[in-house]
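# Just a sequence and a predicted model for now, questions to come.
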Amino acid sequence: MAKLRPSLIKIQGTLMGVTIVNSKRYGEHARAARGTYKPVTINDGLVQSGERLQNSNRPAKLIFDAVRDEHKDGGFWTDLLSVFRKQLKEDKRFSFKGLLKLECSKTHKLDSLLHRQFEIDTISAANTLDVTVTLLQHPKWDRKLYLDGYQLGVTAVYPDFNADTVCKATARTPVILFKQELTPLHFQLPMPATDAPWVLFMHVAASRKGYIYDLPQHKGMAIVKVRSEPPAEDASNVLPVGHA
């Protein structure tokens, strides 16, 4: 492609379809928009990849938007999108498969605080999800000796992929001090229906003298359990491939 070299006038950005760029090979030069002189062709693989990305946005956005205020995003959106894109590529329905253990931040992980030293038990009845968390150790923040406790919480997300709707419920403990003895923690979360599928997050936030920190480096959040989808004859929460 021909390059126009600006000499007397210094221009930055794009003007009338021409963009000023600075490359190692040609230095500063003007480049016309792609497709100006030759038609742009896109292969089938690229088209299919774009369609998968667009379709995968829908279920990913439902879950991500439901918890985006609970944490500072550090890669969770990308990971969600990757799971659902893979399901589409494999010609399967969208499901909760692959979501277990996804961290809401790649840098500040729940697993780095608890090292999976906990147990989760759930019982659903009468439109209520009962959650029991048994910690085998207190969470630990390295190089933060001023901390004296933490708050633990659970968030259940109930996505309906077909209706493009989602609801959630959150419950948290009072501040737990590191010097306290570990005992099972019980939570009750409302459900839209007793048989509704759900994604369960657990999150912890560090505290000092009763003050709970709302900073990424003091928090951790991840998906710790999912409820499997309904049977094939009741696929209300399973979105088929190609659903518009």
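Looks like it came in fine.

# CA atoms for contacts and neighbours, from now on please.
Noted.

# Which strand in the protein has the most residues?
Assignment by DSSP state E gives strand 149-160 as the longest strand of the chain.

# Mind giving me the packing neighbours of that one?
If contacts are counted by 3 or more Cα pairs under 8 Å, 6 or more residues apart in numbering; DSSP states H and E, strand 149-160 sits against helix 44-67, strand 165-172, strand 176-177, strand 199-208.

# From the chain's centroid, how far away is it?
Mean-position distance between strand 149-160 and its chain equals 13 Å (Cα atoms, centre = their mean, to the nearest Å).

# How about stretch 58-78?
4 Å.

# ditto for stretch 210-228
12 Å.

# now do the same end-to-end measure for that stretch.
Start-to-end span of stretch 210-228 (Cα to Cα, to the nearest Å) is 38 Å.

# Give me the buried positions along that stretch.
In terms of neighbour count (16 or more other Cα atoms under 10 Å), stretch 210-228 has its buried residues at 210, 212-213, 216, 218-226.

# again, but for stretch 122-131
Those would be 124, 128, 129, 131, for stretch 122-131 by 16+ other Cα under 10 Å.

# The first one contacts residue 194, doesn't it?
Going back to what we said before, that points to residue 124. Yes - if you go by Cα atoms under 8 Å, residue 124 and residue 194 touch, sitting 6.1 Å apart.

# Could you check how far the spatially most central residue of the chain is from residue 222?
Residue closest to the average C-alpha location in the chain (Cα atoms, centre = their mean): residue 76, at 3.0 Å. Distance, residue 76 to residue 222, by Cα to Cα: 9 Å.

# related to what we said a few turns ago, buried deepest among the helices and strands packed on strand 149-160, which one?
Greatest average neighbour count among the helices and strands packed on strand 149-160 goes to strand 199-208 (a mean of 21), per mean count of other Cα atoms under 10 Å.

# Next, the angle from that one to strand 149-160.
160 degrees (axes from the mean of the first three to the mean of the last three Cα atoms, to 10 degrees).
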